[in-house]
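Asker: Predicted coordinates and the sequence they were generated for:
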Amino acid sequence: MAKVINPLNSTEARGKVGGLVYNTWRGIRTVKAHTPPSGQGVGKRATSFDLIVQAGKRWATLTDTQRQAWRDWAKQHVEPHWTGTDKRLPGYSWYVRIQVNRQWLSQGYEDTPPRSRCMVSFNGLHLELSAPDFVARWDPSDSPLPGVCYATAFVAGPHSPGYHATLHDAVRDAIADYSSGEYDYFTEELGTFTVFLRAHNADGMPGTWVSATGTLE
């Protein structure tokens, strides 16, 4: 990390530009090289990648009729994206995404598209921070299907307090029971963390994204 004067020809700069992260901490303007998350998420990244590969292989074993059913279903459904802008996915991508969610829940594969949407939301999401862990809490009282909805957590960090983490910086960490209203994350590191949460049904159908950021000191 280096101290800077008039970063980017301005009195103050925050955020990532190219491979550098600009920030102001306690009145000190700094810049440092951006380093992606590493360490404790390596094994979980490998697990996620393996589940994606296996789902892709299973897609290849489906009949033409089954694959067409997913393509037709995809035309009627949009994917709630973490940026807040819904996106359309091809049938193959929907199939893989839902099967990976099902595998994390030990639900097995399901080769027909889901029938229900995931309508739950994370009301009042906030982080309670107390080293060596923090807890993400939300109000699950609006859940239409208590006990069969889940919260998948992705965690980015520790990162610079001035850096706006994206889902690409995060690692899938765990799945919590949505009706519990909380997700615990244990870490030996201090710093700023961003938690991305997404609800989904037991059949793997995902809902919308929410996020919260906090600092362990």
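Answerer: All right, it came through fine.
Asker: The longest helix seen in the chain - what's its average pLDDT?
Answerer: Counting residues, the longest helix found in the chain (DSSP state H) is helix 42-59. For helix 42-59, the mean pLDDT works out to 82.
Asker: And stretch 70-85, by the same measure?
Answerer: For stretch 70-85, mean pLDDT rounds to 89.
Asker: buried ones in that stretch?
Answerer: Using 16 or more other CB atoms under 10 Å as the test for burial, stretch 70-85 gives 70, 73-74, 80, 82. (Glycine included, C-beta is placed from N, CA and C.)
Asker: export it as PDB, just CAs?
Answerer: Extracted in PDB, the C-alpha atoms of stretch 70-85 (Å, rounded to 0.1, in the frame of the first residue of the first chain):
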ATOM      1  CA  TRP A  70     -35.500 -26.700 -20.500                       C
ATOM      2  CA  ARG A  71     -35.100 -24.400 -23.500                       C
ATOM      3  CA  ASP A  72     -38.800 -23.700 -23.600                       C
ATOM      4  CA  TRP A  73     -38.900 -23.100 -19.900                       C
ATOM      5  CA  ALA A  74     -35.900 -20.700 -20.100                       C
ATOM      6  CA  LYS A  75     -37.900 -18.500 -22.500                       C
ATOM      7  CA  GLN A  76     -40.500 -18.000 -19.800                       C
ATOM      8  CA  HIS A  77     -38.100 -17.300 -16.900                       C
ATOM      9  CA  VAL A  78     -35.400 -14.700 -16.200                       C
ATOM     10  CA  GLU A  79     -32.500 -15.200 -13.900                       C
ATOM     11  CA  PRO A  80     -32.300 -12.700 -10.900                       C
ATOM     12  CA  HIS A  81     -28.800 -11.400 -11.400                       C
ATOM     13  CA  TRP A  82     -26.700 -10.100  -8.500                       C
ATOM     14  CA  THR A  83     -26.400  -6.700 -10.100                       C
ATOM     15  CA  GLY A  84     -30.100  -6.200  -9.800                       C
ATOM     16  CA  THR A  85     -30.700  -6.500 -13.600                       C
END
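Asker: Not counting it itself, show me its contacts.
Answerer: Residues outside stretch 70-85 that contact it (CB atoms under 8 Å, 6 or more residues apart in numbering) are 62, 86-95, 97, 113, 117, 166-167, 196, 198, 206-209, 211.
Asker: Would you show me how to pick out the buried ones of those residues in PyMOL?
Answerer: PyMOL command restricting these to the buried ones, with burial defined by 16+ other CB under 10 Å:
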select buried, resi 62+91+92+94+95+97+113+167+196+198+206+207+208+209+211
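Asker: Please flag which of the contacts of stretch 70-85 sit within helices.
Answerer: Judged by DSSP H, the contacts of stretch 70-85 include 91-95, 97 as members of helices.
Asker: Residue 198 pairs with what?
Answerer: residue 152, residue 209 (DSSP bridges).
Asker: wait, doesn't it sit right on residue 205?
Answerer: No. Contact criterion CB atoms under 8 Å: residue 198 and residue 205 do not qualify, at 11.0 Å.
Asker: Can you tell me how far residue 58 is from residue 86?
Answerer: Noted for residue 58: a distance of 26 Å to residue 86, by CB to CB, to the nearest Å.
Asker: What of residue 189?
Answerer: Counting by CB to CB - residue 189 and residue 86 are separated by 34 Å.
Asker: Much appreciated, bye for now.
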